[in-house]
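Visitor: Give me a model of this one.
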Amino acid sequence: MRPGPLNLITDVPGLKVGNAEDSLLKSGVSVVTAEAPMVASVSVMGGAPGTRETDLLAPDKTAPGVDALVLAGGSAFGLAAAQGVMDALYEEGRGFAVFSARVPIVPAAILFDLLNGGEKRWGVNPYPALGRQALANASTCFRLGSRGAGCGAQTAQHKGGLGSASLVLEGGITVGALVAVNPMGSVTTPSGRHFWAAPFEFDAEFGGLGGEPMTGFHDMPESRKAGAMAALGNTTIAVVATDAQIDKAQAHRMAVAAQDGIGRAILPAHSPMDGDLVFACATGRQALRAPAQQLAQIGHAASLCLSRAIARAVWEATPALGDTLPTLREELGL
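Guide: Next up, the predicted model:
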């Protein structure tokens, strides 16, 4: 396995990602969409999720595919970003056909970034407009770090952000991940100078800092995030994707397997105060020749991509006026 040419989720053929953010708000929206409806499912392992239309993604539910997936800041206010995306898709003639009507299917998940130093005293909810803008910005190339849904994200010790990574498997199937990293836990080891995801790094994609040299168990330092804002404001939300031809049940297993990527890259993960959630989607361009073996490889690759994307999100974060936590690069003097 090797990363794809962009090392982004958009190495999966047919996918596009759009970001929109407001630097004063310190929040934003990320949208994953494709040229045609995507098979999709979801896994939720955090104790405090915020979602829209995720029930449709269960394998026994009728909706055959989705037109877009939305990751947003703003806590429950951010769920309105999906309405902006839905309205824009409707104007384009996209959506699930119900006789003469069309209804775009746009599941969404949110993270809590209401106490990160941004200006939150809005008169009109800004998230529908940010969702519409993110969809309009959709492209195969996009920036990481303090962008989109990761604009105002924070980890226990440093600024969080938006991350992405990809892998191409033997046989040509591509797997990718997109993640907004805002957990209760820490993405760095107890020394604060190394990533938990270090064993999975390719080509110094998140700094080449190497693994933690200290051996044995070490307690994590006190959370800066809890001191700066609130221990309840968390969540890591992600999309993993492939061009393999899979159904909704198989997409669900892919999402479940990808959750391991969160557990390997963030400590602790899946807490009662996190809304940890992974969407899985597929464009269906490559048939499976050996389904049992290939599905296991796809799930494994999705978890590796997600771990790497989490570290890349923190590595690429940039400082901004009013931040309540430093970036990792600031703390390392880089």
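Visitor: any weak-confidence spans in the stretch 201-334 of the chain?
Guide: Within the stretch 201-334 of the chain, the segments meeting pLDDT under 70 span 226-233.
Visitor: cutoff 80 now
Guide: Applying pLDDT under 80 to the stretch 201-334 of the chain picks out residues 214-233.
Visitor: What ranges does it have for its helices?
Guide: Using DSSP state H, counting those that start in this stretch, the helices of the stretch 201-334 of the chain run over 224-228, 248-265, 291-315, 328-332.
Visitor: So which residue is smack in the middle of this protein?
Guide: Val179 (1.9 Å; CA atoms, centre = their mean).
Visitor: Do I have it right that that one meets Thr235?
Guide: No: the criterion here is CB atoms under 8 Å, and Val179 misses it with Thr235 at 10.8 Å. Where you see a C-beta, it was placed from the backbone N, CA and C, and this is true even at glycine.
Visitor: Can you pull the residues that touch both of those two?
Guide: When contacts are counted by CB atoms under 8 Å, 6 or more residues apart in numbering, Val179 and Thr235 have no shared neighbour.
Visitor: Next up, phi/psi of Ile9, please.
Guide: Here is the backbone geometry of Ile9 (degrees, to the nearest 10): phi -60, psi -30.
Visitor: tell me the contacts of the nearest residue to it once chain neighbours are set aside?
Guide: Spatial nearest neighbour of Ile9, excluding adjacent residues (CB to CB, 6 or more residues apart in numbering): Gly176 at 3.5 Å. Gly176 sits next to 4, 8-12, 15, 164-167, 240-242, 305 when contact means CB under 8 Å, 6+ apart.
Visitor: Give me the three-state assignment for Gly176.
Guide: The three-state label given to Gly176 by DSSP: H, G, I helix; E, B strand; the rest coil is strand.
Visitor: Report the beta-bridge partners for it.
Guide: Here Gly176 shows beta-bridge partners Ser166, Ala241, assigned using DSSP bridges.
Visitor: What spatial separation is found between it and Thr324?
Guide: 31 Å (CB to CB, to the nearest Å).
Visitor: ok, now Gly211?
Guide: Gly211 is 29 Å from Thr324, where distance means CB to CB.
Visitor: Please identify which of those two sits among more neighbours.
Guide: Using other CB atoms under 10 Å as the criterion, Gly211 and Thr324 rank with Thr324 on top: 17 against 13.
Visitor: Confirm for me that that one is in contact with Gly118.
Guide: No: taking CB under 8 Å as the contact criterion, Thr324 and Gly118 are not neighbours in contact, 9.7 Å apart.
Visitor: For Ser303, the count of nearby residues, please.
Guide: Other residues close to Ser303 by other CB under 10 Å number 26.
Visitor: I should have written Gln293 there, sorry.
Guide: In terms of burial, Gln293 registers 10 neighbours under the definition other CB under 10 Å.
Visitor: Now do the same contact list for the closest residue to Thr283 other than its chain neighbours.
Guide: Among residues not flanking Thr283 along the chain, Gly14 sits closest, at 4.2 Å (CB to CB, 6+ apart). Contacts for Gly14 (CB under 8 Å, 6+ apart) come out as 34-36, 243, 283, 285.
Visitor: switch to 7 Å and redo it
Guide: With contact set as CB atoms under 7 Å, 6 or more residues apart in numbering, Gly14 has these partners: 34-35, 243, 283, 285.
Visitor: roughly how far apart are it and Lys61?
Guide: Gly14 is 23 Å from Lys61, by CB to CB.
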